[in-house]
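In: Here's my sequence, what's the structure:
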Amino acid sequence: MRKAAHPAGLTATLAWLARAIACVAALVVLTGAAAPAADERAAGSADEAAAGDDLGASARARAADAFARAERSDESLAFAAALAGYEETLRLDPTMPAALRAEQRAAMLRARSEGGFEPLVALERVRRDPKLSSDPAAIDALLKAADAFPPGLVRVEAWTLAAEAYAHRLGRPDDAAPLWRRIATDAAADPVLARAALRSLATFYLERHDWAGAEGVAALPVTDAKLASDVRRAIRRHHVRVASIATLGSALVLATAALANAARRRGLREVVRRTRAWSGLVIGYAAYVAIAGALIASGYQRGTAVPFLLLGIALVPVLFLARAWAAAGSQSRSARALRAVVCAASALGAAFLVLERVNPSYLEGVGL
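Out: Alright, predicted model coming up:
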C-alpha cells in the first residue's frame, strides 16, 4: 500500500515545481517588458525637463532683450515704446533682477501718458538737460506749452520745474509764486509736491514781510496743520520783534528826556554818581544771568551757553539805562510804576532779540 502511494506524491511534487517555474518565467518576461517602458518614461521626463529649461532660458533671454529695448526707448524719449517694452519684460519674466525697475518705470509712464506722451516728451527734453533747465527762454517756452497740456501730473511737474528754476537758478521768485499756488491747488498734484509748493509759497511771503499773503496761505483748505502753525508762529514772532524794538526805543527816549531835564536842573552829576553806585549790583546781576544760564544750558546734551552769555552782555546797558532813568526821573508813584513796566519789558525785549538772533528754535517753547 505504501509503494502505491509514492508515485502519486512524486507526481504532485513535480506538478508544484512546474507551476513555480512557470511563475518565475512569467515574472522574468514581465520585468523585461516593463524595463524598456520605464526607460522610455524616464527619457521622456528628461526630454520634457530639458524642453522646459530651454523655454525658460528663452523667456529670460527675450525678457532681457525687451528690457534693454525699453531702456533705449526711454532714453530717447520714445515713451510709448518704452512702456510696451517694460510691460513685455514683466510678462516674460516677472522675477528677473531688473523687474523692479521695469515695474516702476511702467507705472511712472502710465501715470504720465496724457496727450499721447507728447507733454512728457516736452517736459523731459528740458528736465534732462542741465543747460535747458537753467535757460530762461527754455523755461518760459515750457511754461507756455504747459498751458496747453491736458490736466495731469505732467502739467504739474512742468510748473514745478519752472517754479524751481525761477526761484533758485534764474533769480525770478516773483514768477515762481503763482506757480506754487497752482501746484498746491491742482487736483492732479502729488501730495508731496503740493505740500512743498505751499511751504515755498509761505516762505516767499514771510521773507518779504507780506504777512497778509502768508496768512492767506495758512488759511487755504489744502494747507496742513504743521505749515499753518509755522506761519502763525512766524507772524507772532514778527509782532513780538516789533514790540521789543519799540519798547527798547521807548525806554531810551524816556530815559534821555529825563536826563535832559536833569541836565537843565544841573543835577546830571548827581545822576551819574547815583548810577555809578549801582555798578557793582548791575554787573553782578548780569554776570549771574549769563553764568547761571550758561551752566544750566551746558548740562543738556544739545544745549549751548552762547545765548545766555550774550543776554548777560545785553542786560548791562539796559540796567544802567534803567538806573540812570530812575535817578533822573520823577519819584512819584505813577512815574516809578511806569519806569518799572517799561524797564522790565525792555529786558524781556532784549532777551527775545538775543535768542532770535542766536537760534530762533529756543523761542518755540513759548509759542514764538
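In: From what I see, G329 and R339 are in contact.
Out: Yes. Under the criterion of C-beta atoms under 8 Å, G329 makes contact with R339 at 6.3 Å. (Each C-beta comes from the backbone N, C-alpha and C, glycine too.)
In: Which segments of this structure make up each domain?
Out: 53-111, 129-223, 229-366 (automatic domain parsing).
In: could those domains go into JSON lines alongside distance to L123?
Out: JSON lines is the format used below for the domains of the chain (distance: least, C-beta to C-beta, whole Å):
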{"stretch": "domain 53-111", "distance to L123": "10"}
{"stretch": "domain 129-223", "distance to L123": "5"}
{"stretch": "domain 229-366", "distance to L123": "31"}
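In: Can I get the ones you listed in CSV including mean pLDDT?
Out: Below are the domains of the chain laid out as CSV (pLDDT from 0 to 100):
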stretch, mean pLDDT
domain 53-111, 89
domain 129-223, 92
domain 229-366, 83
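In: Same list, the ones you listed, but as a markdown table with mean neighbour count please.
Out: Shown next, in a markdown table, are the domains of the chain (neighbours: other C-beta atoms under 10 Å):
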| stretch | mean neighbour count |
| --- | --- |
| domain 53-111 | 16 |
| domain 129-223 | 18 |
| domain 229-366 | 16 |
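In: Please identify which of those is closest to A122.
Out: Of all the domains of the chain, domain 129-223 sits nearest to A122, with 5.5 Å by C-beta to C-beta.
In: one step back: shared neighbours, G329 and R339?
Out: Common contact partners of G329 and R339 (C-beta atoms under 8 Å, 6 or more residues apart in numbering): L254.
In: Please enumerate the helices of the chain.
Out: Per DSSP state H, the chain carries helices over the ranges 2-75, 79-92, 99-111, 118-127, 136-146, 153-164, 173-185, 191-207, 211-219, 225-264, 268-277, 279-298, 306-328, 333-358.
In: who's in contact with the nearest residue to A335 once chain neighbours are set aside?
Out: Once flanking residues are discounted, A335 sits nearest to G329: 5.8 Å by C-beta to C-beta, 6 or more residues apart in numbering. By C-beta under 8 Å, 6+ apart, the residues touching G329 are 254-255, 258, 335, 339.
In: give me that answer again for 7 Å
Out: Listed by C-beta atoms under 7 Å, 6 or more residues apart in numbering, the contact set of G329 reads 258, 335, 339.
In: gap between L338 and A258?
Out: 11 Å (C-beta to C-beta, to the nearest Å).
In: now A184
Out: A184 is 54 Å from A258, by C-beta to C-beta.
In: ditto for G267
Out: G267 is 11 Å from A258, by C-beta to C-beta.
In: what do you get for R276?
Out: Separation of R276 from A258 (C-beta to C-beta): 17 Å.
In: re earlier: can I get the helices of the chain in CSV including distance to E364?
Out: Listed next are the helices of the chain as CSV, based on distance: least, C-beta to C-beta, whole Å:
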stretch, distance to E364
helix 2-75, 46
helix 79-92, 47
helix 99-111, 39
helix 118-127, 37
helix 136-146, 37
helix 153-164, 29
helix 173-185, 25
helix 191-207, 16
helix 211-219, 17
helix 225-264, 7
helix 268-277, 37
helix 279-298, 16
helix 306-328, 14
helix 333-358, 10
